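Peer 1: the following comprises the amino acid sequence and a computationally predicted model.
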Amino acid sequence: MVVITTPSIDHFPIVNNSFIDPSLFNDVPIIDLSEPDSINLIVKACEEFGFFKVVNHDVPMEFISKLESEAVKFFSSPLSEKLKAGPADPDPFGYGNKKIGQNGDIGWVEYILVSTNSEFNYQKFASVLGVNPDNIRAAVNDYVTEVKKMACEVLEMLAEGLKIHQMNVFSKLLMDEESDSIFRVNHYPPCSEIEEFNTRNMIGFGEHTDPQIISVLRSNNTSGLQILLKNGHWISVPPDPNSFFINVGDSLQVMTNGRFKSAKHRVLTNSVKSRLSMIYFGGPPLSAKIAPLPSLMEGKDSLYKEFTWFEYKKSAYKTRLSDNRLALFEKS
Ligand code: GA4
């Protein structure tokens, strides 16, 4: 007999609302990809927040909707079926429920994690959905190809804004055949245990920074995402299903010698609506050296010890979500 243990609701992390700014993050920087003047804005957004919203992107809505409807179908399946596609243990790929990572983090979330570059076994999702695995593979590939193209465009704008001669200095890491990138779909079921004006909120996905170079998020119209501002306040990002939200990852922070900030973010549960988000985490090849670009050093020393993405990832996956993963790599 298989016994499924899910953490009890009493043990779920709850948020102390005193640091939540009740106002919405209405001035989230907006980068219009059809506007050439966006280059300075995008650099400013990465320095100030490590976070911004992209509008007028070329990712076809058809690809987004297709993947979203497959994900909704998958998450609506019985738990016993979904568990056949996971749980995401011991390797992180597949279906996961409430447990995040391998080190004891939990959240009010279920998810699918896939590796975008290595040949991934879609059979386990396809059998839950009762479809041909090639259909799922194609839906993920279509979406990821377009989102990756957009992420590369953004990274090239950043290189230009930073006056780096080699425009593809960041984007080539994502374009590399060996790029270690991940795609994740998170489903946050409504959590009716929470009353609307309660002073406590449940954590869907605990506070963390992303270890990779850049993350591209698209969600349905349900709120939940929050960003930590420099003043220590958490602020809610109004959802926008027609746009993408981008955040700087730890590796880009290092490559810019700390000029860009890797954004600390988290997701709170909603009491009535389901939240569905899809995130592409653009990472470098495992062998890539992650170090500040010489042209960004401005005569200063590197703030970080030298490391490869393999070394950083290995160390990051041993940490808890809220840990400061870069601290181990900072020069004292
Ligand atoms: C955060 C970003 C991505 O979702 C992820 C996460 C990973 C996981 O879910 O297995 C980690 C987390 C993320 C960073 C610290 C470790 C590893 C959970 C965790 C506690 C897929 C990733 O690459 O790093």
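Peer 2: Done, it's in. Numbering: from 1, shown residues only.

Peer 1: where does this structure have low pLDDT?
Peer 2: 1-14, 16-23, 87-90, 118, 193-201 (pLDDT under 70).

Peer 1: okay, now the sheet partners of the longest strand along it, with direction.
Peer 2: Across the chain, the longest stretch assigned as strand under DSSP state E is strand 105-115. According to DSSP bridges, strand 105-115 forms sheet pairs with strand 94-100 (antiparallel), strand 182-188 (antiparallel).

Peer 1: just put these in a markdown table and tack on distance to Arg275 and mean neighbour count.
Peer 2: Backbone N, C-alpha and C define where each C-beta goes, glycine included. Formatted as a markdown table, those follow (distance: least, CB to CB, whole Å; neighbours: other CB atoms under 10 Å):
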| stretch | distance to Arg275 | mean neighbour count |
| --- | --- | --- |
| strand 94-100 | 15 | 21 |
| strand 182-188 | 4 | 22 |
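
Peer 1: the ligand contacts on the stretch 1-150 of the chain?
Peer 2: 92, 100-101, 103, 105, 113 (CB under 6 Å from any ligand atom).

Peer 1: how about a cut-off of 8 Å?
Peer 2: The stretch 1-150 of the chain has residues 88, 92, 96, 100-103, 105, 111, 113 near the ligand, with proximity defined as CB under 8 Å from any ligand atom.

Peer 1: what are the ranges of the strands in the stretch 201-332 of the chain?
Peer 2: Applying DSSP state E, counting those that start in this stretch to the stretch 201-332 of the chain gives strands spanning 214-219, 225-228, 234-236, 244-248, 265-268, 275-282, 289-290, 307-308.

Peer 1: run through the bridge partners of Ile100.
Peer 2: Asp105.

Peer 1: surely it and Ile106 touch.
Peer 2: Yes: between Ile100 and Ile106 a contact is recorded at 6.6 Å, counting by CB atoms under 8 Å.

Peer 1: looking at the strands paired with strand 105-115, which is nearest to Asp250?
Peer 2: For the strands paired with strand 105-115, proximity to Asp250 was assessed by CB to CB; strand 182-188 is nearest, at 14.1 Å.

Peer 1: just want the angle from that closest one to strand 275-282.
Peer 2: Angle of strand 182-188 versus strand 275-282, following axes from the mean of the first three to the mean of the last three CA atoms, to 10 degrees, is 170 degrees.

Peer 1: pull the distance from strand 182-188 to the chain's centre.
Peer 2: 8 Å (CA atoms, centre = their mean, to the nearest Å).

Peer 1: so is it next to the ligand?
Peer 2: Yes: Strand 182-188 reaches the ligand (CB under 8 Å from any ligand atom) through 182, 184.

Peer 1: which phi and psi does the residue of the chain found nearest the ligand have?
Peer 2: Closest residue of the chain to the ligand, CB to the nearest ligand atom: Gly101 (2.7 Å). Gly101 adopts backbone torsions of phi 70, psi -170, taken as degrees, to the nearest 10.

Peer 1: run a quick neighbour tally on it.
Peer 2: 19 (other CB atoms under 10 Å).

Peer 1: got a list of what it touches?
Peer 2: Gly101 is in contact with 92, 317, 320-321, counting by CB atoms under 8 Å, 6 or more residues apart in numbering.

Peer 1: quick revisit: let's have the strands of the stretch 201-332 of the chain in JSON lines, adding mean neighbour count.
Peer 2: Listed next are the strands of the stretch 201-332 of the chain as JSON lines, based on neighbours: other CB atoms under 10 Å:
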{"stretch": "strand 214-219", "mean neighbour count": "25"}
{"stretch": "strand 225-228", "mean neighbour count": "22"}
{"stretch": "strand 234-236", "mean neighbour count": "19"}
{"stretch": "strand 244-248", "mean neighbour count": "26"}
{"stretch": "strand 265-268", "mean neighbour count": "23"}
{"stretch": "strand 275-282", "mean neighbour count": "24"}
{"stretch": "strand 289-290", "mean neighbour count": "17"}
{"stretch": "strand 307-308", "mean neighbour count": "17"}
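
Peer 1: adding distance to the ligand, write the ones you listed out as JSON lines.
Peer 2: Formatted as JSON lines, these follow (distance: least, CB to the nearest ligand atom, whole Å):
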{"stretch": "strand 214-219", "distance to the ligand": "7"}
{"stretch": "strand 225-228", "distance to the ligand": "13"}
{"stretch": "strand 234-236", "distance to the ligand": "18"}
{"stretch": "strand 244-248", "distance to the ligand": "10"}
{"stretch": "strand 265-268", "distance to the ligand": "10"}
{"stretch": "strand 275-282", "distance to the ligand": "5"}
{"stretch": "strand 289-290", "distance to the ligand": "14"}
{"stretch": "strand 307-308", "distance to the ligand": "16"}
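
Peer 1: which residues sit against stretch 156-170?
Peer 2: With contact meaning CB under 8 Å, 6+ apart, stretch 156-170 is reached by 38-40, 42-43, 46, 152, 155, 171, 175, 213-214, 252, 255-256, 259-260, 293, 295-296.

Peer 1: apply 10 Å and report the result again.
Peer 2: The set of residues external to stretch 156-170 that reach it, using CB atoms under 10 Å, 6 or more residues apart in numbering, is 31, 33, 36, 38-46, 151-152, 154-155, 171-172, 174-175, 213-214, 248, 251-252, 255-256, 259-260, 282, 284, 293-296.

Peer 1: I am finished for the moment; much appreciated.
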